[in-house]
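Return atomic coordinates for the entry below.
(one chain, ligands or ions: 1)
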Amino acid sequence: MTTSYKERLARRLTWVTSLIILVVFGIIYFVVSYTVVHSQDRELLLEVEEHSDEIFLVNGEIRFLNKDEWQEQEHSQIQLNPIFIEIVDLEGKSMDRSPNLGENHLSFYPERAGTKEAWTLKTGSREVRQMQVPLRYAGKTEGYLLVAQSFDDTRELLTNLRNILVLLYPVILVSLFLTMKYLAGKSIEPIQKIIQKTNQISQSNLNERVPLPEQNDEIGQLTRSINELLSRLEQALVREKQFTSDASHELRTPLAVLRGTLEVLVRKPRTSEEYIEKIGTALGSIDRMSAMIDQLLALARVGVGGEEFLEEVELHSFTEETTLKASRDSGRKVLFKSYLQIPVFVQINEKSLSMILNNLIQNALKYSKEDTEVVVSVGIHQGHPFISVEDKGRGIGKESLEKIFDSFYREPDVLEEVIPGTGLGLAIVKKLALESGIKVEVQSEKGKGTSFTLFFEEDILSKS
Ligand code: ADP
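Residues are numbered from 1 along each chain as shown. Purely as a prediction, here's the structure:
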């Protein structure tokens, strides 16, 4: 069985607090016991000093300074807190003792004779605190004076205190545990609300949000983070839906053309010229579909497939090779210009960079006239290496500049003129560039031309 978080929290807090309370109780007991015993010892010392001035041992005989005082009630009657006195010779043999001792004797400890220390011992059924001092006469120790006082009251006080503390300890622990559990439960209540709400949110009601608590504390921040995550998920889902519907729409058009063409063909026998023309149209539709499927696959592959394989790519030679190949394949003038003084290396996936650059060059060729040239340059601008692709073609309208990187977006006049394309090339460029650490900038003027520039971010430059 798993214990709930509030239970664990309460247990841990109780555990720590119980140790602290144990230490505090120990200190209380120690301080009280030290103070009480110490004050009794002081009292005892006063008695010892008082009596050692009154009693003398002279050549083995006891003499009193004031006999009446010695016989004072204190030492002869059984009082609540009486003083017991005993005089012993050098061997510890009892010479005289106060009548309140009855049959009992105080114990003589020769090793503690001159220390003025007190200790606790039992005489008969009573516990006493005793002190002993040597009795001197003419500089010679003649015997010892043992003075004791009942320890019963002090023992009772200490026992009571100990019992109270021992009884109090479990009571405090239990009430502490229950209070902690209650407080822990109260403090995780908002989290339970969050759990409840998030459990209710599914794909169908992804627009719902977790209500924000009143305070902007950690729980408020957690709620906000969850809501932001939900927003991102919702947007991704909307984008995905849009993408799927656009993709099926775009594929349906060439399919419809293909179907229509074939239907016309089978309706009646045709001349071979007609067959050639219609089959040409059908092949065009198939080419369009397969180009679109290729691009859809390329787009789907970006960002999937785990770790990217990064290589050191030298910008000058890479750009020059790509440009020459594009020029050869298209039969158009694609010029290469380099403004680099030294070789510049970037850490990048070469395939991705090649796909980005080729897409831009193909667009530049597609959207400009046959007799115009396309210029591909490489250089450094404000510390950032760049590759740019410039054409003197139809240009892009201001209102379209924001949208050209969206999947399936094509400018209306491009659609009207039936320039072949899928509207996916720049979406692929955008995704690959983002993944590779490249910033894409576009400048264009309608009717004059367009320039796309790839800026390489600092963190992908190779330090050499
Ligand atoms: P496609 O070229 O297949 O239509 P892209 O995503 O590559 O798709 O481009 C999106 C749109 O951006 C194009 O349809 C076109 O309207 C515009 N465009 C892109 N490159 C250029 C360019 N060099 N000159 C003019 N228009 C361009």
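
buried ones in stretch 199-211?
Using 16 or more other CB atoms under 10 Å as the test for burial, stretch 199-211 gives 201, 206, 209-210. From N, CA and C alone the C-beta is placed, and that goes for glycine too.

Got phi/psi on Thr450?
phi -140, psi 150 (degrees, to the nearest 10).

isn't it right up against Leu365?
No: Thr450 is beyond contact range of Leu365, at 11.7 Å (criterion: CB atoms under 8 Å).

quick one: contacts for Asn255?
Rather than Asn, residue 255 is Leu. 285, 289 (CB atoms under 8 Å, 6 or more residues apart in numbering).

For the ligand, see how far away it is.
Distance of Leu255 to the ligand, computed by CB to the nearest ligand atom, to the nearest Å: 18 Å.

Distance of the residue nearest to Gly395 when sequence neighbours are not counted relative to the ligand?
Excluding its sequence neighbours, the residue lying closest to Gly395 (CB to CB, 6 or more residues apart in numbering) is Lys446, at 4.3 Å. From Lys446 across to the ligand, the span is 9 Å (CB to the nearest ligand atom).

before we move on, back to that, redo the buried residues of stretch 199-211 as TSV? Include pLDDT.
Formatted as TSV, these follow (pLDDT from 0 to 100):
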residue	pLDDT
Ile201	92
Leu206	90
Arg209	93
Val210	92
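
wait, which of the residues you listed is closest to Val24?
Distance to Val24 across those (CB to CB) is lowest for Val210, with 42.8 Å.

where does that closest one sit relative to Val442, distance-wise?
Using CB to CB, to the nearest Å, Val210 is found at 39 Å from Val442.

Packing partners of the helix or strand hosting Leu22?
Using DSSP states H and E, the element containing Leu22 is helix 5-52. Other helices and strands packing on helix 5-52, by 3 or more CB pairs under 8 Å, 6 or more residues apart in numbering; DSSP states H and E, are strand 126-137, strand 140-150, helix 152-187.

can you tell me the residue of the stretch 1-150 of the chain closest to the ligand?
In the stretch 1-150 of the chain, the residue that lies nearest the ligand is Tyr5 (50.9 Å; CB to the nearest ligand atom).

ok, now the stretch 201-350 of the chain?
Using CB to the nearest ligand atom, the single residue of the stretch 201-350 of the chain nearest to the ligand is Gln295, 7.8 Å away.

I figured that residue was touching Leu424, is that so?
Yes: the criterion here is CB under 8 Å, and Gln295 meets it with Leu424 at 4.0 Å.

returning to what we had before: for Thr450 and Leu365, list the residues in contact with both.
What both Thr450 and Leu365 touch, as defined by CB under 8 Å, 6+ apart, is the set Asp391.

Tell me the first helix or strand C-terminal of the top helix by length along the chain.
For the chain, the helix with the greatest residue count under DSSP state H is helix 218-267. Along the chain past helix 218-267, the next helix or strand (assigned with DSSP H and E) turns out to be helix 272-301.

Okay, angle between that next one and helix 218-267 too, please.
For helix 272-301 against helix 218-267, the angle by axes from the mean of the first three to the mean of the last three CA atoms, to 10 degrees is 170 degrees.

Having no further points to raise, I will conclude here.
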